[in-house]
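Visitor: With the sequence up front, the predicted model follows.
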Amino acid sequence: MNHPRAKKRLGQNFLVDESFARRIVGALGPRAGETVIEIGPGRGALTALLLEGGARVVAVELDRELAPVLRERFGGREDFKLVEADALGVDFCAAVEPAGSARVVANLPYNISTAILQRLIEQRRCVPEMVLMLQREVVGRITAPPGSAERGYLTVLVEAFCKSEALFDVPPGAFRPVPKVWSTVARLRARTDGIEDFDEGLLLRLAGAGFAQKRKTILNNLRSAPEDLRALFEEAGGAAGLLEAAGVDPQRRAEALTLAEWVALTQALSGRGR
């Protein structure tokens, strides 16, 4: 059948280089009988290899023109399930039933990769490991160490809940249409290392405020935080008092803070650090 063209509005760039498709599936290492979620299967380049490896594939595809292509190739198989939906609204825990959890593999559209990543992290209880192909710049931000100019809100979001590593780069020529940027395949695993207890939502709100203007100090950014956050700061002695309670130098920039320091700030604000 004729393949639908890639849609710019959906950020589609189809992987056409089989050697890279095999490297991605190899990085996941699907086990016979395990359930794997594939987000944005497109024309099925990774899907075919996952099924070949013995996995049960739950494919989430938004494009209504691609769904018939996938059904023609893989429909009727007991080890293939197509979910026609926007990944941003999918309950992955329900989608993988009767399996209790599943690993994820995806070539994420550049334009909504961060939003999908956040969605997956929210449901990490049932998606404990992800092998994701993202824009190389995004992976650079995810894995940026403290002190790096690339470090930002996305870094803290991922670091607080997952351990991440960049695996390998994928050149523009591996896709059709050819994008203007390189991609990188990364592995994210949900943390199981007993990180200290903290209010997850509050930590992310603090990080959002702390990175609001990257050239400003952490103190000045927190002083300019949304009104409801500043009201909480007042209970902790203001932004300066909060930083002092957490042992954070107010003249540092947010990019210099470690995850442990973000947790300390969150605990100081929520009362567990006082």
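Guide: Noted; the coordinates are in hand.

Visitor: give me the low-pLDDT residue ranges for the stretch 151-274 of the chain?
Guide: For the stretch 151-274 of the chain, the stretches flagged by pLDDT under 70 are 194-196, 272-274.

Visitor: swap that for the stretch 1-150 of the chain, sorry
Guide: 1-12.

Visitor: Do a quick rundown of the strands in it.
Guide: Using DSSP state E, counting those that start in this stretch, the strands of the stretch 1-150 of the chain run over residues 14-15, 35-39, 56-61, 80-84, 103-107, 129-135.

Visitor: Provide the strand pairings for the last one, with the direction of each partner.
Guide: Which is strand 129-135. strand 103-107 (parallel), strand 183-190 (antiparallel) (DSSP bridges).

Visitor: Now do the shortest one: everything it contacts.
Guide: For strand 103-107, contacts defined as Cβ atoms under 8 Å, 6 or more residues apart in numbering pick out 13, 15, 24-25, 28, 30, 34, 36-40, 42, 46, 50, 92, 116, 120, 127-133, 183. For every residue, glycine as well, the C-beta is placed using N, CA and C.

Visitor: Let me know the angle separating that strand from strand 56-61.
Guide: 40 degrees (axes from the mean of the first three to the mean of the last three Cα atoms, to 10 degrees).

Visitor: Just give me how far strand 103-107 sits from the chain centre.
Guide: 10 Å (Cα atoms, centre = their mean, to the nearest Å).

Visitor: now do stretch 168-180
Guide: For stretch 168-180, the distance to the chain centre is 20 Å (Cα atoms, centre = their mean).

Visitor: Give me the contacts around that stretch.
Guide: 6, 13-17, 20, 23, 27, 110, 133, 136, 181-185.

Visitor: ok, now which ones touch the residue positioned nearest the centre of the chain?
Guide: The chain has Leu117 as the residue nearest its centroid, 2.5 Å off, counting by Cα atoms, centre = their mean. The neighbours of Leu117, taking Cβ under 8 Å, 6+ apart as the test, are 108, 132, 134, 154, 157-158.
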